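Chemist: Sequence below, structure please.
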Amino acid sequence: MSEKQIIGIDIGRGAVKYCTKYKEEEISGRFNAVFGTGREGIKYEIWNDPISLNVNGNLLFFGELAIKESINQTSNIKDEKDSFVSEMLLIAALSRTAKTKNVKIILGVPNRLYNLKSREVIINKYKGKNYKFKDDVTGEVKEVYIADIDIFREADAALVYQQRGIVNTKPVGLVSIGFRTTEFSFYEADFRFIDKKSTSIGVGARDVLEEAKKLLEKERIYKTIEELDMSTEYEDKKVFGYNFIATKIEQEMDSLWVNLGEMEKIYLCGGTSCNVNFNSTFNRIDDPQLATARGLHFVGIRRFA
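Modeler: Got it, this is the predicted structure:
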């Protein structure tokens with residue numbers, strides 16, 4: 001039987017994160033969840049890790065290259081993972097991770113989509129699919145067959161990565177700051193997820209970027225949300241936004257988890273969390289931006305064993 005590689009993929013609204021291992025070497029990373037039409041004559045060597053793929057006869061740019069060079073571009077605005085946009089972003093993630101023809105994927109989904117119906121939709125969409133594409137940067141032609149695929153709750157994956165086999169004996173919480181939403185996940189002892197004490201609010205990195213965009217426009221500087229997301233040039237314009245979402249998150253947490261004193265720990269993850277200062281005491285998950293992808297890969301090794 002041919003070798004099958006296990007890959008964890010987290011397709012978010014702001015970024016796509018991935019993690020796998022090939023011959024004991026970890027392959028992990030991220031790119032902006034944006035793709036668009038490609039153009040000939042681009043000097044790829046001036047870009048950091050450019051993603052340019054020929055898919056079904058169409059040249060497509062992904063991530064930073066798409067934001068800067070695509071005339072027509074689109075970003076990932078939905079949680080659902082079976083859309084055309086998600087499929088294209090999945091192919092781009094496979095271009096970065098797949099080292100064998102046959103792969104098995106654990107795909108992260110938010111709390112509200114972690115159910116049997118969503119699992120069936122994802123399996124029907126991707127299992128057994130064969131993707132063939134050309135990397136326009138390297139000239140390599142790659143063919144990838146999805147031998148199997150399953151879903152796992154994104155919050156669970158991040159916590160699994162943090163715990164690495166340690167089972168909690170007291171309640172723990174996880175706050176994950178995403179691009180458009182922040183998820184609050186509550187677990188009783190023995191890693192038992194409690195839906196009643198978990199929720200999602202419409203606060204995330206996009207609020208920070210929208211506020212920065214407004215401030216820059218007053219100075220006659222016009223940037224898209226995607227450009228601001230990948231730039232570190234205007235961090236001073238993002239401070240108010242970070243303070244705003246910190247306040248909203250702490251207010252929601254105090255309201256949702258009334259017995260904070262009985263909780264062993266409250267973990268914090270998501271790339272945006274690295275830039276937010278809280279009054280509350282959080283335990284930041286190691287490498288918060290890639291924690292979910294690494295957790296998905298960790299789960300995949302056990303799921304597909």
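
Chemist: give me the number of residues near residue 279?
Modeler: The number of residues packed near residue 279 is 7, by other CB atoms under 10 Å. No exception for glycine: its C-beta is placed from N, CA and C like everyone else's.

Chemist: quick one: pLDDT of it?
Modeler: In the prediction, the pLDDT value recorded for residue 279 is 78.

Chemist: was I right about it contacting residue 250?
Modeler: Yes: assessed by CB atoms under 8 Å, residue 279 is found in contact with residue 250 at 6.3 Å.

Chemist: mind listing the helices for the stretch 201-305 of the chain?
Modeler: In chain order, the stretch 201-305 of the chain shows helices spanning 205-218, 225-230, 239-256, 291-303, with DSSP state H, counting those that start in this stretch as the criterion.

Chemist: Just say which of these is most tucked in.
Modeler: For the helices of the stretch 201-305 of the chain, the largest average neighbour count (mean count of other CB atoms under 10 Å) is found in helix 291-303, namely a mean of 24.

Chemist: From the contact counts, what lies against that one?
Modeler: Using 3 or more CB pairs under 8 Å, 6 or more residues apart in numbering; DSSP states H and E as the contact criterion, the neighbours of helix 291-303 among helices and strands are strand 4-11, strand 15-22, strand 25-32, strand 102-109, strand 141-153, helix 154-163.

Chemist: quick one: average confidence on the fifth one?
Modeler: In this case it means strand 141-153. pLDDT averaged over strand 141-153 gives 96.

Chemist: Determine the set of other helices and strands touching it.
Modeler: Using 3+ CB pairs under 8 Å, 6+ apart as the contact definition, the elements that strand 141-153 packs against are helix 84-97, strand 102-109, helix 116-126, strand 130-135, helix 291-303.

Chemist: Of all those, which one comes closest to residue 236?
Modeler: Residue 236 lies closest to helix 291-303 among these, at 27.6 Å (CB to CB).

Chemist: what angle separates the closest one from strand 141-153?
Modeler: Between the axes of helix 291-303 and strand 141-153, defined by axes from the mean of the first three to the mean of the last three CA atoms, to 10 degrees, the angle is 90 degrees.

Chemist: ok, and what's touching helix 291-303?
Modeler: In this structure, residues lying in contact with helix 291-303 by CB atoms under 8 Å, 6 or more residues apart in numbering are 6-10, 17-21, 28, 30, 104-108, 150, 152, 154, 156-162, 164, 176, 269, 285, 287.

Chemist: which among these end up buried?
Modeler: When burial is judged by neighbour count using 16 or more other CB atoms under 10 Å, the buried members of those are 6-10, 17-21, 28, 30, 104-108, 150, 152, 154, 156-162, 176, 269, 285.

Chemist: ok, back up a step: ok, which of the helices and strands packed on strand 141-153 comes nearest residue 245?
Modeler: With CB to CB as the yardstick, what comes closest out of those is helix 291-303 (18.8 Å).

Chemist: Relative to the whole chain's centre, how far out is that closest one?
Modeler: The gap between where helix 291-303 is centred and where its chain is centred comes out at 13 Å by CA atoms, centre = their mean, to the nearest Å.

Chemist: hang on, the earlier thing: got the helices and strands packed on helix 291-303 as CSV, with distance to residue 189 columns?
Modeler: Converted to CSV, the helices and strands packed on helix 291-303 look like this (distance: least, CB to CB, whole Å):
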stretch, distance to residue 189
strand 4-11, 26
strand 15-22, 28
strand 25-32, 31
strand 102-109, 24
strand 141-153, 18
helix 154-163, 13
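
Chemist: Among these, which comes closest to residue 169?
Modeler: Go through these one by one with CB to CB and the one that ends up closest to residue 169 is helix 154-163, at 11.8 Å.

Chemist: Which neighbouring elements make contact with the closest one?
Modeler: The criterion is 3+ CB pairs under 8 Å, 6+ apart, and the helices and strands that helix 154-163 contacts are strand 4-11, strand 102-109, strand 172-177, strand 182-188, strand 265-269, helix 291-303.
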